[in-house]
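In: Next one to model:
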Amino acid sequence: MADEAEDAGVQALYAALLDAWNRRSAEDFAALFAPDGTSVGFDGSQAVGADEVRRHLTPIFADHPTAAYVARIERIRWSGPDTAVLLAKAGMVPPGKTELNPAVNAIQTLVAERAARGWHVLLFQNTPAQFHGRPELVEAHTAELEEVRARGLVVA
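Out: Numbering: from 1, shown residues only. Next up, the predicted model:
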């Protein structure tokens, strides 16, 4: 079982990933990925490798106003001494707004690996959390993240 210091490395990687997105930096976002790391977007689009992640995000950030992430880490599970899976609830605040848009709530999965150069992303997957037919779950998800947002945090 990992200790808090080891968890902190994975948490910091995730926070850096969301920070890079919120700053609209394709370069910084991509730099966090392993050479063969994969990003799976909200719409199912996939990019493999840091170069492809950068090429995928550059026009998105250049041509579209993107919403900012707010997230709450639910748990970290270690699958080995240098590999961990982080699960988080996430939401997004649209540009120019102050409240979350429940239509883009997500569950995010980050598979992280510790290597010689530090932690990097093996997989980042952003899955829609619409909870079809269960609006109370959408409301609960959004309420949890509104607490994070109200505290001025990106990741809790």
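
In: From now on I want contacts and neighbour counts done on CA atoms only, so please keep to that.
Out: Fine.

In: where's the residue in the chain sticking out farthest from the centre relative to Ala106, distance?
Out: Distance from the C-alpha centroid of the chain peaks at Gly133, with 25.1 Å (Cα atoms, centre = their mean). For Gly133, the distance to Ala106 equals 16 Å [Cα to Cα, to the nearest Å].

In: Repeat that for Val70.
Out: On the measure of Cα to Cα, Val70 and Ala106 end up 10 Å apart.

In: Name the residues contacting each of the two.
Out: 90-91 (Cα atoms under 8 Å, 6 or more residues apart in numbering).

In: tell me the SS of Arg108?
Out: You called it Arg, but residue 108 is Gln. strand (DSSP: H, G, I helix; E, B strand; the rest coil).

In: Make sure it is actually in contact with Gln125.
Out: Yes: using Cα atoms under 8 Å, Gln108 makes contact with Gln125 at a distance of 5.6 Å.

In: out of those two, which sits in the more crowded spot?
Out: Using other Cα atoms under 10 Å, the more surrounded residue of Gln108 and Gln125 is Gln108, with 25 against 20.

In: and the closest residue to that one other than its chain neighbours, what helix or strand is that in?
Out: Nearest residue to Gln108 in three dimensions, chain neighbours excluded: Asn126, at 4.6 Å (Cα to Cα, 6 or more residues apart in numbering). Counting by DSSP states H and E, the element that carries Asn126 is strand 118-128.

In: quick one: contacts of that strand?
Out: Here strand 118-128 has contacts from 9-10, 13, 32-34, 36-42, 104-114, using Cα under 8 Å, 6+ apart.

In: So how do I select the buried members of those residues in PyMOL?
Out: In PyMOL syntax, the buried subset of those is picked out as below (16 or more other Cα atoms under 10 Å):
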select buried, resi 9+10+13+32+33+34+37+38+39+40+42+104+105+106+107+108+109+110+111+112+113+114
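
In: Which of the contacts of strand 118-128 fall in strands?
Out: Assigned to strands by DSSP state E, the following of the contacts of strand 118-128 qualify: 33-34, 36-40, 106-114.

In: residue contacts, Glu27?
Out: 54, 58.

In: After the strand ranked longest in the chain, which helix or strand is next?
Out: For the chain, the strand with the greatest residue count under DSSP E is strand 68-80. Remark: after strand 68-80, the chain's next helix or strand is strand 83-93, criterion DSSP H and E.
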